[in-house]
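Asks: sequence? don't have it. structure:
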């Protein structure tokens, strides 16, 4: 009798471990399914010449956020620039970004991009994209769902890249947001 009780007690940690492993496996499978679905969607977006998915990334801070307000407001790309470290605080954006997201630049400077994120945001894709930037890639793309100031959501084809100073040192990250949610072809 004592032996069977010991066996039951010994199994409880094993059962707990197996439940934890099963939960971990389910999360991995769910993330993999999301990555596969997003990769297919990204391929369709990139292949569609009308999607605006081929917008060129600025290479310097001055190119991303020109001092001349008129030039800055005429850029049709929705551009946001963040710090490289810490919380990736926003240091600036342009008029196209303000129009897309509903925030004025003065409302977001010094805050991180979490204001644009919500329940349907592709956090795994964003984490992977930032990791690839730190590994040295010059351009990464991810599809995610973002949220405007009014709470409405939009499907975003996000292109990110590094900004460097004249010595080639990484100073900031730049993101170009592209609302692809209005398109019916995907």
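Replies: Structure's in. What do you need? Computed from a predicted model, the values in this text were never measured in an experiment.
Asks: Would you map the strands across this protein?
Replies: Counting by DSSP state E, one finds strands in the chain at the ranges 78-83, 90-93, 140-147, 153-164, 170-177.
Asks: what's the closest of the ones you listed to residue 58?
Replies: Proximity to residue 58, assessed across those by CB to CB, is greatest for strand 170-177 (5.5 Å). Every residue, glycine included, has its C-beta placed from N, CA and C.
Asks: What segments of this protein are helices?
Replies: Counting by DSSP state H, one finds helices in the chain at the ranges 2-47, 61-64, 69-74, 95-101, 105-108, 123-134.
Asks: can you redo the ones you listed as JSON lines with mean neighbour count, mean pLDDT and distance to residue 172?
Replies: Shown next, in JSON lines, are the helices of the chain (neighbours: other CB atoms under 10 Å; pLDDT from 0 to 100; distance: least, CB to CB, whole Å):
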{"stretch": "helix 2-47", "mean neighbour count": "11", "mean pLDDT": "70", "distance to residue 172": "24"}
{"stretch": "helix 61-64", "mean neighbour count": "17", "mean pLDDT": "94", "distance to residue 172": "6"}
{"stretch": "helix 69-74", "mean neighbour count": "12", "mean pLDDT": "92", "distance to residue 172": "16"}
{"stretch": "helix 95-101", "mean neighbour count": "19", "mean pLDDT": "97", "distance to residue 172": "15"}
{"stretch": "helix 105-108", "mean neighbour count": "16", "mean pLDDT": "96", "distance to residue 172": "15"}
{"stretch": "helix 123-134", "mean neighbour count": "15", "mean pLDDT": "89", "distance to residue 172": "11"}
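Asks: of those, which approaches residue 84 most closely?
Replies: helix 123-134 (8.7 Å).
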